[in-house]
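1. What follows is a predicted structure for the sequence shown.
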Amino acid sequence: MCAHILVAEDDLKQATVIRRYLEQEGHTVVVVHDGGSAIDEARRHRPDLLVLDVMMPVMDGLQVCRVLRRESELAILMLTALGTEEDLLRGLGLGADDFMTKPYSARELMARIRTLLRRARRTAEVRAEPVDETVLHVGALTMDMARHEVRFGARRVELTAGEFRVLSVMAAAPDRVFTRRQLLMHTRGANAFVTERTIDVHVLNLRKKMEPDPRRPAYLLTVVGVGYKLTDGSDDVDGPDGLRGER
């Protein structure tokens, strides 16, 4: 499973180690040392995966992730020496596929890269097949699976790939309650190196993009102690502008 991998890491020693291990597995590797160069290289050569350090000059990894995620579904593995939950949530919220905290073992890094590459290959194979013509409707929400488009009423909603997967699972079964684990399995697979907290981040971002008032959701509801469900908003007894729902 050889791939073209871009490594954005300003620590020369770390970058050399990562390059050596990747090349031993047969991958083609390009290394850059600042965020601006990472964006330029990703746009120019369209790698299969980006290993992205958070702390870099010119533009940090979070900014790079934000820019590139708007443009493509490039697989992104973020690295950080900070290791705070805030970093994790910000990175996943911007569309990163996985997150590792320094120091890490080279074996674990390679395992996670293999997982991301397999997932990217499966996604590419699915897209090469005849497209799913399904259009899902839940209240004001419309999901066009073939065009990968989402509308809420007349308004188009821009979603990351992860957000789209989570929402499509719930839209296919309105009013069904999904646990975080179920959503994770549906959207990431059993072998993904991510936690159920990832689902919370996606739901938080979906509410910000969809709900009239994300603090009082009317459509994407929390079922306390269980998980989440997507409704058509008809349970809102406060009137057409009411927004009753669990936070």
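-> Here it is on my side, so go on. Numbers count the residues shown, from 1 in each chain.

2. what are the ranges of the helices in the chain?
-> 12-24, 35-45, 61-71, 85-93, 106-128, 161-171, 180-188, 197-210 (DSSP state H).

3. and of those helices, who's closest to residue 51?
-> helix 12-24 (6.2 Å; C-beta to C-beta). For every residue, glycine as well, the C-beta is placed using N, CA and C.

4. Can you give me the buried ones in that closest one?
-> Neighbour-count burial for helix 12-24 flags 14-15, 18-19, 21-22 (criterion: 16 or more other C-beta atoms under 10 Å).

5. how much space between residue 38 and residue 183?
-> 30 Å (C-beta to C-beta, to the nearest Å).

6. So between these two, which is more surrounded?
-> residue 38 (31 against 23; other C-beta atoms under 10 Å).

7. beta partners for the residue nearest to the more buried one when sequence neighbours are not counted?
-> Leaving aside its sequence neighbours, residue 38 sits nearest to residue 8 (C-beta to C-beta, 6 or more residues apart in numbering; 3.8 Å). For residue 8, the beta-bridge partners are residue 32, residue 52 (DSSP bridges).

8. okay, now the domains of this protein?
-> 4-128, 135-230 (automatic domain parsing).

9. Including mean pLDDT, could those domains go into JSON lines?
-> JSON lines is the format used below for these (pLDDT from 0 to 100):
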{"stretch": "domain 4-128", "mean pLDDT": "87"}
{"stretch": "domain 135-230", "mean pLDDT": "86"}
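
10. how many neighbours does residue 33 have?
-> 17.

11. so how far is residue 58 from it?
-> 9 Å.

12. Same check on residue 80?
-> Taking C-beta to C-beta, one finds residue 80 at 17 Å from residue 58.
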